[in-house]
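Asks: Make a model of this:
(2 chains)
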Amino acid sequence: NAGVMQNPRHLVRRRGQEARLRCSPMKGHSHVYWYRQLPEEGLKFMVYLQKENIIDESGMPKERFSAEFPKEGPSILRIQQVVRGDSAAYFCASSDNRNTEAFFGQGTRLTVV
Amino acid sequence: DQQVKQNSPSLSVQEGRISILNCDYTNSMFDYFLWYKKYPAEGPTFLISISSIKDKNEDGRFTVFLNKSAKHLSLHIVPSQPGDSAVYFCAATVRGSEKLVFGKGTKLTVNP
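Replies: Alright, predicted model coming up:
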């Protein structure tokens, strides 16, 4: 029973490139959450998705960031035209409904050079 | 505006003794609180939670206490073991909102 799978684990991008982070939730989970952790900070909520729907994106920067969770396949967090300040660890979590604890993946560490 | 605060960046205790990690919050709407444990290069792992209708929840060596009037919660680990060495995050939420608000974490080191 695989846990939440994120890939890649590490991603290096030059300024101005695009970054795509993938998250496969646990089997049977239809709720996905993305969090970002900047150095020396706690995790900050970005977006909550259910299959094909964005439920809450109040933590997502208004520009350059987008997320999707298609009917088939993993959830994708997309960052366009990356800047140095986007360097962080991005964690995905999943749950099977709104009122159960979410399980986190191992994270993707994005470094923008 | 830090709604969940963990004021101690680090804590060091001796194996076998009690570890007490503290967390304060400012938003009185929070009604569910969680503790996560995180090892380097891994994702957070859920440890224990407490609803605002309770003031204590216990699971093995881990106990969480909630003082609503003080907007304070604490995690007690007893006895502490070297394998408990990790960063501990306190998180809070309003049930139904789906957003967890995390503190900055406390790095616990348990010395053999």
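
Asks: mind listing what the closest residue to A:Arg14 other than its chain neighbours touches?
Replies: In space, and not counting its chain neighbours, A:Arg14 is closest to A:Val113: 5.8 Å by Cβ to Cβ, 6 or more residues apart in numbering or on different chains. C-beta coordinates here come from the backbone N, C-alpha and C atoms, glycine included. Taking Cβ atoms under 8 Å, 6 or more residues apart in numbering or on different chains as the contact definition, A:Val113 lies against A:12-15.

Asks: Go through these and say which is closest to chain B.
Replies: When the contacts of A:Val113 are compared for distance to chain B, the smallest value, 15.9 Å, is given by A:Val12; criterion: Cβ to the nearest Cβ.

Asks: Quick check, that closest one in contact with A:Thr111.
Replies: Yes - with contact taken as Cβ atoms under 8 Å, A:Val12 and A:Thr111 are classed as touching, separated by 4.9 Å.

Asks: follow-up on the earlier one: out of the contacts of A:Val113, which are buried?
Replies: Neighbour-count burial within these applies to A:Arg13; the criterion is 16 or more other Cβ atoms under 10 Å in any protein chain shown.

Asks: now, which of the contacts of A:Val113 lie within strands?
Replies: Secondary-structure check on the contacts of A:Val113 using DSSP state E: residues within strands are A:12-13.

Asks: Make a markdown table from the contacts of A:Val113 and add distance to A:Met26 and pLDDT to it.
Replies: As requested, these are exported to a markdown table (distance: Cβ to Cβ, whole Å; pLDDT from 0 to 100):
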| residue | distance to A:Met26 | pLDDT |
| --- | --- | --- |
| A:Val12 | 28 | 98 |
| A:Arg13 | 28 | 98 |
| A:Arg14 | 33 | 97 |
| A:Arg15 | 34 | 97 |
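
Asks: Including distance to A:Ser87, could the contacts of A:Val113 go into TSV?
Replies: Listed next are those as TSV, based on distance: Cβ to Cβ, whole Å:
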residue	distance to A:Ser87
A:Val12	10
A:Arg13	9
A:Arg14	12
A:Arg15	10
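
Asks: beta partners of the closest residue to A:Gly42 other than its chain neighbours?
Replies: Once flanking residues are discounted, A:Gly42 sits nearest to B:Phe102: 3.6 Å by Cβ to Cβ, 6+ apart. Beta bridges link B:Phe102 to B:Ala91 when assigned by DSSP bridges.
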